[in-house]
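**Q** from the sequence below, what's the structure:
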Amino acid sequence: MELNKNKYSKKEVADILTAYKGEYEKRISENREIISRLNDEIKSLNAYVDSLKEKENILVATLTRAEKTAMEVEENAKLQYSLEVERLKKFSKKWNAYFEELKDKYPLYPPVKKARAIKNEVDCVTEEDNPKEFINRLDSQIPETNGKTFDPKKKIKDYIAATGVNGFNIDEVLNPGELQLEDLCKELGLIDSDE
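**A** Prediction:
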C-alpha cells in the first residue's frame, strides 16, 4: 500500500473496510453465539429457579398443613384425655360408693378386707412412686380368680348333695307345686309332725 500524502486509493480503502467488516462480522457472529448460549442458560436457570420456587411453595404448604394437623391431633388428644379423666372420675365415685356399701355390709369378709387394704394403698399413691413397681406390688396383692365366678345355684346344689338322705330337694323348694307350707315345715323339722 502506498501512501500519497495521507491519501489512500479507493481500492485500498475498500480493502481495509472489507478486512474490518469481515473481522467485525466474525466478532458479531461469535458474540451472537455467546448471547444465544447465555440466553439459553438464562432460560434454563429461570426454569430451575421456578421449579425451586414451586418446590418451596409445596414445602411451605405441606409444613403448614402438617403443623395444622399436629395442632388438631394435639387438641383432640387433650380433649380425649380430658373426657377419659372425667369418665374415670365418675367411675371412681360410683365404685367408691359401691365399695363403701360393701364395707358396711360385709366388714369381716376376707375379700372385702383385702380390697380395703388395696384401696387404702391406692389412695396413698404419690407422684414420686414408680408406677411400674406400684402396679406390680398391687398385682401381687390381688388374688387370682382363675376365671371362677360365684354360682349360687351350684353352691346350693352342692350343699344339698352334701346333706345326704336327710336333705331336701331343691326343685321342690324352688317349685313347691301342691306342697303345703305346713308339710314343708314338717319336712324341714321346724314343727313336730305329731301336732
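
**Q** output stretch 28-35 in CSV, but only the C-alpha positions, please.
**A** These are the backbone C-alpha positions of stretch 28-35, laid out as CSV (Å, rounded to 0.1, in the frame of the first residue of the first chain):
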residue,chain,number,x,y,z
ILE,A,28,-20.5,-10.1,15.9
SER,A,29,-21.2,-13.8,14.9
GLU,A,30,-19.2,-15.0,17.9
ASN,A,31,-21.0,-12.5,20.2
ARG,A,32,-24.4,-13.7,18.8
GLU,A,33,-23.4,-17.3,19.6
ILE,A,34,-22.3,-16.3,23.1
ILE,A,35,-25.5,-14.2,23.6
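
**Q** mind checking how far that stretch is from the chain centre?
**A** Relative to the chain's own centre, stretch 28-35 is displaced by 66 Å; criterion: CA atoms, centre = their mean, to the nearest Å.

**Q** outline the domain layout of this protein.
**A** According to automatic domain parsing, the chain is divided into the following domains: 10-84, 152-188.

**Q** least reliable of those domains going by mean pLDDT?
**A** For these, mean pLDDT drops lowest on domain 152-188, to a mean of 65.

**Q** does the spatially most central residue of the chain lie in a helix or a strand, and which?
**A** By CA atoms, centre = their mean, the chain has its centre lying nearest to Ala77, at 8.0 Å. Using DSSP states H and E, Ala77 sits within helix 10-105.

**Q** what is the burial count for Arg137?
**A** 13 (other CB atoms under 10 Å). (Each C-beta comes from the backbone N, C-alpha and C, glycine too.)

**Q** show me the contacts for Arg116.
**A** Phe99, Lys103 (CB atoms under 8 Å, 6 or more residues apart in numbering).
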